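# here's a sequence, model it:
(4 chains)
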Number of protein chains: 2
Amino acid sequence: MSIVDDRLPRYQRLRDLIAADIAAQRWAPGQTIPSEAELASIHGVAVGTVRHAIDVLVGEGLVTRVHGRGTFVRRPAFDQSLLRCLRIPELEPGAKPVLISRILERASLKASPEVAERLELPVGTDCIRLVRQKLVERRVLRGEEIWLPKARFAPLLTVELASIGHDLYPAFERLCGQLVATAEESLTAEAIGAEHATLAGVATGQPVVVIDRLTRGYDRQPLEWRRVRAPASAFHFRREIR
Amino acid sequence: MSIVDDRLPRYQRLRDLIAADIAAQRWAPGQTIPSEAELASIHGVAVGTVRHAIDVLVGEGLVTRVHGRGTFVRRPAFDQSLLRCLRIPELEPGAKPVLISRILERASLKASPEVAERLELPVGTDCIRLVRQKLVERRVLRGEEIWLPKARFAPLLTVELASIGHDLYPAFERLCGQLVATAEESLTAEAIGAEHATLAGVATGQPVVVIDRLTRGYDRQPLEWRRVRAPASAFHFRREIR
DNA sequence: AAGTGGTCTAGACCACCCC
DNA sequence: GGGTGGTCTAGACCACTTT
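Here you go, the predicted structure:
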(Lines give C-alpha, C1' and ligand atoms only; values in the text may rest on other atoms or scores of the structure.)
Protein backbone atom coordinates (compact mmCIF):
# COMPACT_ATOMS: atom_id res chain seq x y z
CA MET A 1 0.00 0.00 0.00
CA SER A 2 2.31 2.71 1.20
CA ILE A 3 5.65 2.68 -0.57
CA VAL A 4 8.70 3.85 1.32
CA ASP A 5 10.97 5.89 -0.91
CA ASP A 6 14.65 4.97 -0.55
CA ARG A 7 15.78 8.40 -1.68
CA LEU A 8 14.17 10.04 1.34
CA PRO A 9 16.29 10.71 4.44
CA ARG A 10 16.15 8.00 7.06
CA TYR A 11 14.08 10.00 9.52
CA GLN A 12 11.46 10.54 6.79
CA ARG A 13 11.36 6.86 5.85
CA LEU A 14 11.09 6.00 9.52
CA ARG A 15 8.25 8.51 9.86
CA ASP A 16 6.45 6.84 6.96
CA LEU A 17 6.89 3.39 8.48
CA ILE A 18 5.53 4.47 11.85
CA ALA A 19 2.67 6.40 10.24
CA ALA A 20 1.74 3.32 8.21
CA ASP A 21 1.66 1.22 11.36
CA ILE A 22 -0.62 3.76 13.02
CA ALA A 23 -2.87 3.78 9.96
CA ALA A 24 -3.01 -0.02 10.09
CA GLN A 25 -4.10 0.29 13.72
CA ARG A 26 -1.14 -1.73 14.88
CA TRP A 27 -1.25 0.49 17.92
CA ALA A 28 -4.67 1.77 18.93
CA PRO A 29 -5.32 5.45 19.59
CA GLY A 30 -4.42 6.23 23.17
CA GLN A 31 -1.80 3.46 23.28
CA THR A 32 1.95 3.96 23.25
CA ILE A 33 4.20 3.15 20.33
CA PRO A 34 7.55 1.47 21.12
CA SER A 35 10.08 3.59 23.00
CA GLU A 36 12.63 5.64 21.11
CA ALA A 37 15.46 3.33 22.12
CA GLU A 38 13.45 0.32 21.01
CA LEU A 39 12.61 1.85 17.63
CA ALA A 40 16.26 2.78 17.18
CA SER A 41 17.43 -0.77 17.71
CA ILE A 42 14.59 -2.25 15.64
CA HIS A 43 15.39 -0.07 12.65
CA GLY A 44 19.12 0.10 13.18
CA VAL A 45 19.41 3.88 13.48
CA ALA A 46 20.55 6.28 16.17
CA VAL A 47 18.13 7.51 18.79
CA GLY A 48 18.57 11.04 17.47
CA THR A 49 17.17 9.91 14.14
CA VAL A 50 14.18 8.27 15.81
CA ARG A 51 13.57 11.49 17.72
CA HIS A 52 13.63 13.46 14.50
CA ALA A 53 11.09 11.10 12.90
CA ILE A 54 8.80 11.36 15.91
CA ASP A 55 9.23 15.16 15.95
CA VAL A 56 7.68 15.15 12.50
CA LEU A 57 4.80 12.93 13.61
CA VAL A 58 4.18 15.18 16.59
CA GLY A 59 4.11 18.18 14.25
CA GLU A 60 1.57 16.40 12.08
CA GLY A 61 -0.57 15.65 15.09
CA LEU A 62 -0.40 11.89 14.76
CA VAL A 63 1.28 11.22 18.10
CA THR A 64 1.90 12.98 21.39
CA ARG A 65 4.89 12.64 23.65
CA VAL A 66 4.48 12.42 27.41
CA HIS A 67 7.66 12.87 29.37
CA GLY A 68 8.50 9.76 31.36
CA ARG A 69 5.55 7.74 30.07
CA GLY A 70 5.91 7.25 26.35
CA THR A 71 4.73 8.35 22.92
CA PHE A 72 1.02 7.93 22.36
CA VAL A 73 -1.11 7.54 19.27
CA ARG A 74 -3.30 10.60 19.32
CA ARG A 75 -6.98 10.91 18.71
CA PRO A 76 -7.80 13.75 16.36
CA ALA A 77 -8.38 17.10 18.04
CA PHE A 78 -12.03 17.68 17.37
CA ASP A 79 -12.05 20.32 20.03
CA GLN A 80 -10.57 22.49 17.30
CA SER A 81 -13.58 21.99 15.09
CA LEU A 82 -15.44 24.97 13.75
CA LEU A 83 -18.45 23.46 15.50
CA ARG A 84 -16.82 24.44 18.76
CA CYS A 85 -17.04 28.05 17.67
CA LEU A 86 -20.80 28.00 18.30
CA ARG A 87 -21.32 29.91 21.48
CA ILE A 88 -23.43 27.97 23.92
CA PRO A 89 -25.84 30.23 25.77
CA GLU A 90 -25.09 30.36 29.48
CA LEU A 91 -28.27 29.75 31.37
CA GLU A 92 -27.05 30.04 34.91
CA PRO A 93 -23.58 31.32 35.64
CA GLY A 94 -21.32 28.43 36.55
CA ALA A 95 -23.85 25.79 35.52
CA LYS A 96 -22.59 23.27 32.99
CA PRO A 97 -24.76 23.45 29.89
CA VAL A 98 -26.08 20.04 28.85
CA LEU A 99 -25.81 19.30 25.13
CA ILE A 100 -28.48 16.97 23.79
CA SER A 101 -28.85 15.34 20.39
CA ARG A 102 -32.12 14.51 18.76
CA ILE A 103 -32.17 12.34 15.67
CA LEU A 104 -35.20 13.36 13.63
CA GLU A 105 -34.74 11.15 10.62
CA ARG A 106 -32.85 7.97 9.79
CA ALA A 107 -33.11 6.36 6.39
CA SER A 108 -31.31 4.28 3.82
CA LEU A 109 -31.00 6.19 0.55
CA LYS A 110 -29.04 6.05 -2.69
CA ALA A 111 -26.22 8.53 -3.01
CA SER A 112 -27.17 11.59 -5.06
CA PRO A 113 -24.44 13.02 -7.30
CA GLU A 114 -23.53 15.56 -4.62
CA VAL A 115 -23.36 13.01 -1.81
CA ALA A 116 -21.48 10.58 -4.04
CA GLU A 117 -18.88 13.18 -4.85
CA ARG A 118 -18.31 14.11 -1.23
CA LEU A 119 -18.09 10.53 -0.01
CA GLU A 120 -16.07 9.53 -3.07
CA LEU A 121 -18.53 6.78 -3.98
CA PRO A 122 -20.32 5.90 -7.24
CA VAL A 123 -23.65 7.67 -7.66
CA GLY A 124 -26.44 5.48 -6.34
CA THR A 125 -24.36 3.68 -3.70
CA ASP A 126 -26.38 2.79 -0.60
CA CYS A 127 -26.01 5.42 2.09
CA ILE A 128 -27.47 6.31 5.43
CA ARG A 129 -28.92 9.76 6.02
CA LEU A 130 -29.38 11.14 9.49
CA VAL A 131 -31.05 14.41 10.30
CA ARG A 132 -30.19 15.63 13.72
CA GLN A 133 -30.49 18.61 16.05
CA LYS A 134 -28.15 19.62 18.82
CA LEU A 135 -29.99 21.28 21.66
CA VAL A 136 -29.08 23.15 24.80
CA GLU A 137 -31.90 23.16 27.28
CA ARG A 138 -34.62 22.84 24.64
CA ARG A 139 -33.04 25.53 22.47
CA VAL A 140 -31.66 24.51 19.09
CA LEU A 141 -27.92 25.07 18.85
CA ARG A 142 -27.57 23.70 15.34
CA GLY A 143 -29.19 21.45 12.74
CA GLU A 144 -27.31 18.72 10.91
CA GLU A 145 -27.71 16.51 7.89
CA ILE A 146 -25.36 13.55 7.95
CA TRP A 147 -24.48 11.10 5.17
CA LEU A 148 -22.66 7.80 5.74
CA PRO A 149 -21.71 4.94 3.42
CA LYS A 150 -24.04 2.07 4.31
CA ALA A 151 -21.34 -0.54 3.77
CA ARG A 152 -19.47 0.70 6.82
CA PHE A 153 -22.31 1.93 8.97
CA ALA A 154 -25.17 -0.55 8.44
CA PRO A 155 -25.57 -1.24 12.18
CA LEU A 156 -26.67 2.37 12.67
CA LEU A 157 -29.82 1.64 10.68
CA THR A 158 -31.10 -1.17 12.85
CA VAL A 159 -29.91 -0.23 16.28
CA GLU A 160 -32.28 1.58 18.66
CA LEU A 161 -31.92 5.34 18.27
CA ALA A 162 -31.39 5.80 21.98
CA SER A 163 -28.33 3.54 21.94
CA ILE A 164 -26.54 5.83 19.50
CA GLY A 165 -26.22 8.42 22.23
CA HIS A 166 -25.45 12.10 21.96
CA ASP A 167 -21.99 11.84 20.46
CA LEU A 168 -21.71 10.31 17.04
CA TYR A 169 -18.03 9.39 16.82
CA PRO A 170 -18.01 7.11 19.86
CA ALA A 171 -21.06 5.41 18.33
CA PHE A 172 -19.20 4.99 15.03
CA GLU A 173 -16.45 3.22 16.93
CA ARG A 174 -18.65 1.22 19.28
CA LEU A 175 -21.30 0.09 16.83
CA CYS A 176 -19.47 0.02 13.51
CA GLY A 177 -15.76 -0.24 14.35
CA GLN A 178 -15.05 2.94 12.39
CA LEU A 179 -12.34 5.24 13.74
CA VAL A 180 -12.17 8.87 12.75
CA ALA A 181 -8.66 10.07 11.83
CA THR A 182 -8.96 13.47 10.18
CA ALA A 183 -11.57 15.91 8.95
CA GLU A 184 -11.79 18.70 6.42
CA GLU A 185 -14.10 21.54 7.27
CA SER A 186 -15.37 24.48 5.33
CA LEU A 187 -17.34 27.50 6.40
CA THR A 188 -19.74 29.73 4.56
CA ALA A 189 -22.66 31.93 5.56
CA GLU A 190 -26.05 32.52 4.01
CA ALA A 191 -29.59 33.71 4.56
CA ILE A 192 -31.33 30.48 5.48
CA GLY A 193 -34.00 29.05 3.20
CA ALA A 194 -37.40 27.90 4.39
CA GLU A 195 -36.46 24.25 3.91
CA HIS A 196 -33.71 24.39 6.55
CA ALA A 197 -34.95 27.08 8.90
CA THR A 198 -36.88 24.85 11.30
CA LEU A 199 -34.05 22.36 11.59
CA ALA A 200 -31.56 25.10 12.44
CA GLY A 201 -34.01 26.71 14.82
CA VAL A 202 -34.15 30.13 13.17
CA ALA A 203 -36.62 32.11 11.10
CA THR A 204 -36.46 31.96 7.31
CA GLY A 205 -34.09 34.55 5.86
CA GLN A 206 -32.00 34.91 9.01
CA PRO A 207 -28.22 34.68 8.59
CA VAL A 208 -26.74 31.31 9.41
CA VAL A 209 -23.29 29.80 9.17
CA VAL A 210 -22.98 26.63 7.14
CA ILE A 211 -20.26 24.24 8.21
CA ASP A 212 -19.42 21.38 5.89
CA ARG A 213 -17.37 18.56 7.31
CA LEU A 214 -15.88 15.56 5.61
CA THR A 215 -14.49 13.03 8.04
CA ARG A 216 -11.91 10.43 6.98
CA GLY A 217 -10.76 7.18 8.56
CA TYR A 218 -7.19 6.08 9.03
CA ASP A 219 -7.37 4.56 5.55
CA ARG A 220 -8.00 8.10 4.23
CA GLN A 221 -11.40 7.07 2.90
CA PRO A 222 -14.37 9.38 3.59
CA LEU A 223 -16.45 8.17 6.51
CA GLU A 224 -19.00 10.91 6.96
CA TRP A 225 -20.20 14.01 5.22
CA ARG A 226 -22.06 16.45 7.38
CA ARG A 227 -23.70 19.77 6.65
CA VAL A 228 -24.44 21.90 9.67
CA ARG A 229 -26.47 25.08 9.89
CA ALA A 230 -26.49 27.33 12.94
CA PRO A 231 -27.55 30.89 13.73
CA ALA A 232 -24.78 33.28 12.71
CA SER A 233 -25.21 35.18 15.95
CA ALA A 234 -23.90 32.19 17.90
CA PHE A 235 -20.78 31.82 15.80
CA HIS A 236 -17.39 33.26 16.66
CA PHE A 237 -14.10 32.03 15.25
CA ARG A 238 -10.62 33.31 16.13
CA ARG A 239 -7.18 32.64 14.81
CA GLU A 240 -3.72 34.05 14.84
CA ILE A 241 -1.55 34.88 11.85
CA ARG A 242 2.21 34.81 12.03
CA MET B 1 12.88 44.46 28.56
CA SER B 2 12.71 40.79 27.85
CA ILE B 3 14.11 38.72 30.69
CA VAL B 4 15.79 35.44 29.86
CA ASP B 5 14.93 32.80 32.40
CA ASP B 6 17.98 30.82 33.58
CA ARG B 7 15.86 27.81 34.48
CA LEU B 8 14.86 27.29 30.88
CA PRO B 9 16.83 24.87 28.72
CA ARG B 10 19.60 26.44 26.68
CA TYR B 11 17.85 26.08 23.36
CA GLN B 12 14.86 27.96 24.79
CA ARG B 13 16.99 30.76 26.18
CA LEU B 14 18.77 30.96 22.86
CA ARG B 15 15.43 31.12 21.09
CA ASP B 16 14.39 34.01 23.35
CA LEU B 17 17.62 35.87 22.67
CA ILE B 18 17.27 35.51 18.91
CA ALA B 19 13.56 36.41 19.01
CA ALA B 20 14.40 39.53 21.02
CA ASP B 21 16.96 40.56 18.42
CA ILE B 22 14.40 40.09 15.66
CA ALA B 23 11.88 42.14 17.62
CA ALA B 24 14.50 44.88 18.05
CA GLN B 25 14.93 44.83 14.27
CA ARG B 26 18.60 44.02 14.64
CA TRP B 27 18.08 42.04 11.46
CA ALA B 28 15.44 43.33 9.08
CA PRO B 29 12.72 41.10 7.62
CA GLY B 30 14.07 39.36 4.57
CA GLN B 31 17.65 39.47 5.91
CA THR B 32 19.62 36.53 7.25
CA ILE B 33 20.49 36.00 10.87
CA PRO B 34 24.02 34.76 11.66
CA SER B 35 24.82 31.22 10.55
CA GLU B 36 24.27 28.31 12.91
CA ALA B 37 28.00 27.81 13.41
CA GLU B 38 28.42 31.51 14.16
CA LEU B 39 25.59 31.54 16.68
CA ALA B 40 27.03 28.43 18.31
CA SER B 41 30.42 30.03 18.82
CA ILE B 42 28.93 33.36 19.90
CA HIS B 43 26.78 31.75 22.57
CA GLY B 44 29.18 28.97 23.45
CA VAL B 45 26.86 26.07 22.69
CA ALA B 46 26.90 23.15 20.27
CA VAL B 47 25.51 23.55 16.78
CA GLY B 48 22.84 20.97 17.58
CA THR B 49 21.53 23.27 20.29
CA VAL B 50 21.43 26.23 17.92
CA ARG B 51 19.52 24.08 15.42
CA HIS B 52 17.01 23.17 18.08
CA ALA B 53 16.48 26.84 18.97
CA ILE B 54 16.00 27.75 15.32
CA ASP B 55 13.65 24.78 14.85
CA VAL B 56 11.42 26.42 17.44
CA LEU B 57 11.58 29.80 15.71
CA VAL B 58 10.73 28.16 12.39
CA GLY B 59 7.75 26.46 14.04
CA GLU B 60 6.63 29.82 15.35
CA GLY B 61 6.92 31.33 11.91
CA LEU B 62 9.51 33.95 12.87
CA VAL B 63 12.26 32.70 10.56
CA THR B 64 12.64 30.51 7.49
CA ARG B 65 15.59 28.34 6.61
CA VAL B 66 16.89 28.18 3.05
CA HIS B 67 19.30 25.36 2.37
CA GLY B 68 22.70 26.66 1.38
CA ARG B 69 21.75 30.32 1.77
CA GLY B 70 20.94 31.00 5.37
CA THR B 71 18.18 31.58 7.89
CA PHE B 72 15.94 34.53 7.09
CA VAL B 73 13.74 36.76 9.18
CA ARG B 74 10.28 36.12 7.84
CA ARG B 75 7.51 38.48 6.98
CA PRO B 76 4.17 37.34 8.38
CA ALA B 77 2.04 35.19 6.10
CA PHE B 78 -0.90 37.41 5.40
CA ASP B 79 -1.87 35.21 2.51
CA GLN B 80 -3.42 33.05 5.21
CA SER B 81 -5.73 35.83 6.30
CA LEU B 82 -9.44 35.27 6.46
CA LEU B 83 -9.67 38.18 4.03
CA ARG B 84 -8.22 35.87 1.42
CA CYS B 85 -11.28 33.67 1.82
CA LEU B 86 -13.38 36.25 -0.02
CA ARG B 87 -13.99 34.83 -3.43
CA ILE B 88 -13.12 37.31 -6.15
CA PRO B 89 -15.61 37.18 -8.99
CA GLU B 90 -14.01 36.02 -12.22
CA LEU B 91 -14.92 38.42 -14.96
CA GLU B 92 -13.19 36.81 -17.87
CA PRO B 93 -11.70 33.37 -17.57
CA GLY B 94 -7.94 33.64 -17.25
CA ALA B 95 -7.98 37.40 -16.75
CA LYS B 96 -6.23 38.63 -13.61
CA PRO B 97 -8.75 40.54 -11.50
CA VAL B 98 -7.49 43.96 -10.46
CA LEU B 99 -8.06 44.83 -6.81
CA ILE B 100 -8.52 48.51 -6.12
CA SER B 101 -8.77 50.42 -2.86
CA ARG B 102 -10.79 53.55 -2.33
CA ILE B 103 -10.34 55.54 0.84
CA LEU B 104 -13.65 57.26 1.54
CA GLU B 105 -12.83 58.92 4.84
CA ARG B 106 -9.71 59.92 6.71
CA ALA B 107 -9.91 61.72 10.01
CA SER B 108 -8.21 62.28 13.33
CA LEU B 109 -10.47 61.21 16.18
CA LYS B 110 -10.27 60.42 19.88
CA ALA B 111 -10.37 56.74 20.77
CA SER B 112 -13.79 55.59 21.89
CA PRO B 113 -13.87 53.01 24.68
CA GLU B 114 -14.16 50.21 22.13
CA VAL B 115 -11.30 51.45 19.96
CA ALA B 116 -9.19 52.14 23.03
CA GLU B 117 -9.69 48.62 24.28
CA ARG B 118 -8.73 47.05 20.98
CA LEU B 119 -5.66 49.20 20.48
CA GLU B 120 -4.75 48.94 24.16
CA LEU B 121 -4.68 52.70 24.56
CA PRO B 122 -6.29 55.04 27.11
CA VAL B 123 -9.76 56.22 26.10
CA GLY B 124 -9.49 59.50 24.25
CA THR B 125 -6.03 58.91 22.77
CA ASP B 126 -5.60 60.49 19.35
CA CYS B 127 -6.29 58.02 16.59
CA ILE B 128 -6.69 57.92 12.85
CA ARG B 129 -9.81 56.47 11.31
CA LEU B 130 -9.87 55.31 7.72
CA VAL B 131 -12.95 54.11 5.89
CA ARG B 132 -12.09 52.13 2.82
CA GLN B 133 -13.57 49.94 0.14
CA LYS B 134 -11.89 47.17 -1.79
CA LEU B 135 -13.24 46.91 -5.31
CA VAL B 136 -12.92 44.53 -8.20
CA GLU B 137 -13.84 46.14 -11.47
CA ARG B 138 -16.20 48.66 -9.86
CA ARG B 139 -17.86 45.99 -7.73
CA VAL B 140 -17.44 46.23 -3.95
CA LEU B 141 -15.58 43.25 -2.54
CA ARG B 142 -15.59 44.46 1.05
CA GLY B 143 -15.90 47.53 3.23
CA GLU B 144 -13.42 48.37 5.98
CA GLU B 145 -13.16 50.65 8.97
CA ILE B 146 -9.58 51.03 10.16
CA TRP B 147 -8.27 52.54 13.40
CA LEU B 148 -4.64 53.46 13.98
CA PRO B 149 -2.81 55.14 16.89
CA LYS B 150 -1.94 58.64 15.67
CA ALA B 151 1.38 58.63 17.50
CA ARG B 152 2.73 56.01 15.14
CA PHE B 153 0.82 56.83 11.98
CA ALA B 154 0.60 60.64 11.86
CA PRO B 155 2.12 60.85 8.34
CA LEU B 156 -0.94 59.04 6.99
CA LEU B 157 -3.07 62.06 7.86
CA THR B 158 -1.16 64.58 5.82
CA VAL B 159 0.09 62.58 2.90
CA GLU B 160 -1.84 62.62 -0.38
CA LEU B 161 -4.39 59.85 -0.44
CA ALA B 162 -3.11 58.59 -3.77
CA SER B 163 0.37 58.03 -2.36
CA ILE B 164 -0.96 55.54 0.18
CA GLY B 165 -1.65 53.11 -2.62
CA HIS B 166 -3.84 50.04 -2.66
CA ASP B 167 -2.00 47.99 -0.05
CA LEU B 168 -1.92 49.37 3.44
CA TYR B 169 0.94 47.47 5.04
CA PRO B 170 3.60 48.60 2.57
CA ALA B 171 2.37 52.15 3.20
CA PHE B 172 2.70 51.62 6.96
CA GLU B 173 6.30 50.64 6.41
CA ARG B 174 7.13 53.22 3.77
CA LEU B 175 5.44 56.24 5.29
CA CYS B 176 5.48 55.49 9.01
CA GLY B 177 8.27 52.96 9.57
CA GLN B 178 5.83 50.54 11.15
CA LEU B 179 6.37 46.83 10.51
CA VAL B 180 3.58 44.34 10.95
CA ALA B 181 4.59 41.19 12.82
CA THR B 182 1.46 39.26 13.72
CA ALA B 183 -2.30 39.56 13.58
CA GLU B 184 -5.25 38.14 15.44
CA GLU B 185 -8.41 37.66 13.44
CA SER B 186 -11.93 36.79 14.37
CA LEU B 187 -14.91 35.94 12.26
CA THR B 188 -18.61 36.35 12.84
CA ALA B 189 -21.64 36.73 10.60
CA GLU B 190 -24.70 38.93 10.82
CA ALA B 191 -27.55 40.51 8.93
CA ILE B 192 -26.06 43.84 7.94
CA GLY B 193 -27.50 47.05 9.35
CA ALA B 194 -28.39 50.07 7.25
CA GLU B 195 -25.39 52.01 8.58
CA HIS B 196 -22.89 49.60 7.03
CA ALA B 197 -24.76 48.25 4.02
CA THR B 198 -23.58 50.78 1.47
CA LEU B 199 -19.96 50.50 2.51
CA ALA B 200 -20.05 46.71 2.18
CA GLY B 201 -21.90 46.97 -1.09
CA VAL B 202 -24.95 44.93 -0.12
CA ALA B 203 -28.60 45.61 0.68
CA THR B 204 -29.67 46.15 4.28
CA GLY B 205 -30.53 42.91 6.06
CA GLN B 206 -28.40 40.72 3.78
CA PRO B 207 -26.04 38.28 5.49
CA VAL B 208 -22.45 39.45 5.73
CA VAL B 209 -19.33 38.12 7.32
CA VAL B 210 -17.57 40.39 9.79
CA ILE B 211 -13.83 39.98 10.06
CA ASP B 212 -12.08 41.72 12.93
CA ARG B 213 -8.35 42.01 12.73
CA LEU B 214 -5.89 43.31 15.27
CA THR B 215 -2.40 43.75 13.88
CA ARG B 216 0.65 43.91 16.13
CA GLY B 217 4.19 45.12 15.57
CA TYR B 218 7.36 43.31 16.54
CA ASP B 219 7.10 44.99 19.93
CA ARG B 220 3.76 43.18 20.38
CA GLN B 221 1.91 46.49 20.59
CA PRO B 222 -1.31 46.87 18.59
CA LEU B 223 -0.77 48.74 15.34
CA GLU B 224 -4.12 48.55 13.65
CA TRP B 225 -7.63 47.51 14.39
CA ARG B 226 -9.77 46.79 11.38
CA ARG B 227 -13.37 45.74 10.99
CA VAL B 228 -14.31 44.33 7.64
CA ARG B 229 -17.74 43.51 6.27
CA ALA B 230 -18.28 41.53 3.11
CA PRO B 231 -21.18 39.67 1.49
CA ALA B 232 -21.50 36.22 3.03
CA SER B 233 -22.00 34.71 -0.39
CA ALA B 234 -18.41 35.57 -1.31
CA PHE B 235 -16.89 33.96 1.74
CA HIS B 236 -15.50 30.44 1.88
CA PHE B 237 -13.05 29.18 4.47
CA ARG B 238 -11.49 25.73 4.64
CA ARG B 239 -9.30 23.96 7.16
CA GLU B 240 -8.14 20.54 8.09
CA ILE B 241 -8.41 18.90 11.49
CA ARG B 242 -5.96 16.29 12.66
C1' DA C 1 36.26 26.43 -3.00
C1' DA C 2 33.95 28.26 0.75
C1' DG C 3 29.98 28.79 3.35
C1' DT C 4 25.37 27.54 4.46
C1' DG C 5 21.82 24.46 6.20
C1' DG C 6 20.50 19.10 6.47
C1' DT C 7 21.35 14.50 8.13
C1' DC C 8 23.19 11.24 11.30
C1' DT C 9 25.90 9.18 14.90
C1' DA C 10 27.16 7.58 19.77
C1' DG C 11 27.10 8.78 23.83
C1' DA C 12 26.35 11.48 28.36
C1' DC C 13 23.38 13.20 31.69
C1' DC C 14 18.86 15.04 33.34
C1' DA C 15 13.77 15.07 34.51
C1' DC C 16 9.73 12.67 34.93
C1' DC C 17 6.64 8.64 35.89
C1' DC C 18 5.49 4.35 37.82
C1' DC C 19 6.28 0.33 40.37
C1' DG D 1 15.14 1.49 40.40
C1' DG D 2 14.21 1.04 35.82
C1' DG D 3 12.13 2.89 31.92
C1' DT D 4 10.61 6.84 29.39
C1' DG D 5 11.30 11.14 26.97
C1' DG D 6 14.30 15.78 27.11
C1' DT D 7 18.65 18.15 26.64
C1' DC D 8 23.26 18.60 24.95
C1' DT D 9 27.70 17.63 22.96
C1' DA D 10 31.35 17.07 19.26
C1' DG D 11 31.99 15.65 15.32
C1' DA D 12 31.33 13.53 10.52
C1' DC D 13 29.55 13.84 6.12
C1' DC D 14 26.11 15.42 2.59
C1' DA D 15 23.47 18.84 -0.37
C1' DC D 16 22.80 23.26 -1.85
C1' DT D 17 24.15 28.13 -3.08
C1' DT D 18 27.26 31.62 -4.05
C1' DT D 19 31.69 33.43 -5.38
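# domain assignment for chain A?
As given by automatic domain parsing, the domain ranges for chain A are A:10-73, A:78-234.
# out of these, flag the one nearest DNA strand C.
Nearest to DNA strand C among those is domain A:10-73 (2.6 Å), distances taken as C-beta to the nearest atom of the strand. Heads up, the C-betas are built off the backbone N, CA and C, glycines and all.
# what about that closest one, how long is it end to end?
21 Å (C-alpha to C-alpha, to the nearest Å).
# re the thing from before, nearest to A:I241, of the domains of chain A?
When those are compared by C-beta to C-beta, domain A:78-234 sits nearest A:I241, at 16.4 Å.
# distance between the ends of the closest one?
19 Å.
# that one and chain B, any residue contact?
Yes. Using C-beta under 8 Å from any C-beta of the partner chain, we find that domain A:78-234 touches chain B at A:78, A:80-82, A:181-191, A:205-209, A:232-233.
# any of the residues you listed buried? List them.
A:80-82, A:181-183, A:185-191, A:206-209, A:232-233 (16 or more other C-beta atoms under 10 Å in any protein chain shown).
# how about the domains of chain A in CSV, adding mean pLDDT and distance to B:A37?
Below are the domains of chain A laid out as CSV (pLDDT from 0 to 100; distance: least, C-beta to C-beta, whole Å):
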stretch, mean pLDDT, distance to B:A37
domain A:10-73, 89, 19
domain A:78-234, 91, 39
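# picking that back up, narrow the buried ones among the residues of domain A:78-234 next to chain B to those in strands?
Among these, the ones falling in strands (DSSP state E) are A:181-183, A:185-191, A:207-209.
# from those, which two are the most distant?
Longest span within those, C-beta to C-beta: A:A181 and A:A191, 34.8 Å.
# other residues contacting stretch A:31-46?
Contacts with stretch A:31-46, where a contact means C-beta atoms under 8 Å, 6 or more residues apart in numbering or on different chains, come from A:10, A:14, A:17-18, A:21-22, A:27, A:47, A:49-51, A:54, A:63, A:69-73.
# show me how far that stretch is from its chain's centre.
Distance of stretch A:31-46 from its chain centroid, counting by C-alpha atoms, centre = their mean, to the nearest Å, is 29 Å.
# stretch A:188-203 too?
Taking C-alpha atoms, centre = their mean, one finds the center of stretch A:188-203 at 24 Å from the center of the full chain.
# which parts of it are buried?
Going by neighbour count (16+ other C-beta under 10 Å), the buried part of stretch A:188-203 is A:T188, A:A189, A:E190, A:A191, A:I192, A:H196, A:A197, A:L199, A:A200, A:G201, A:V202.
# roughly how far does the closest residue to the first one other than its chain neighbours sit from DNA strand D?
Right, the one you point to is A:T188. Nearest residue to A:T188, sequence neighbours excluded (C-beta to C-beta, 6 or more residues apart in numbering or on different chains): A:V210, at 4.9 Å. Using C-beta to the nearest atom of the strand, to the nearest Å, A:V210 is found at 39 Å from DNA strand D.
# circling back to that earlier point, select from the contacts of stretch A:31-46 every entry located in strands.
A:V63, A:G70, A:T71, A:F72, A:V73.
# which of the residues you listed count as buried?
Buried among these by 16+ other C-beta under 10 Å: A:V63, A:T71, A:F72, A:V73.
# how about those residues in CSV, adding distance to B:L175?
Listed next are these as CSV, based on distance: C-beta to C-beta, whole Å:
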residue, distance to B:L175
A:V63, 48
A:T71, 51
A:F72, 52
A:V73, 53
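# among these, find me the one that's closest to DNA strand D.
Of all those, DNA strand D sits closest to A:T71, with 3.9 Å by C-beta to the nearest atom of the strand.
# verify the stated contact: the closest one with A:A53.
No. Counting by C-beta atoms under 8 Å, A:T71 stays clear of A:A53, with 10.7 Å between them.
# next, count neighbours for A:I146.
Residues lying near A:I146 (other C-beta atoms under 10 Å in any protein chain shown) number 23.
# in a strand, it, correct?
Yes. With DSSP: H, G, I helix; E, B strand; the rest coil as the criterion, A:I146 is part of a strand.
# list the contacts of it.
When contacts are counted by C-beta under 8 Å, 6+ apart, A:I146 touches A:R129, A:L130, A:V131, A:R132, A:L168, A:E224, A:W225, A:R226.
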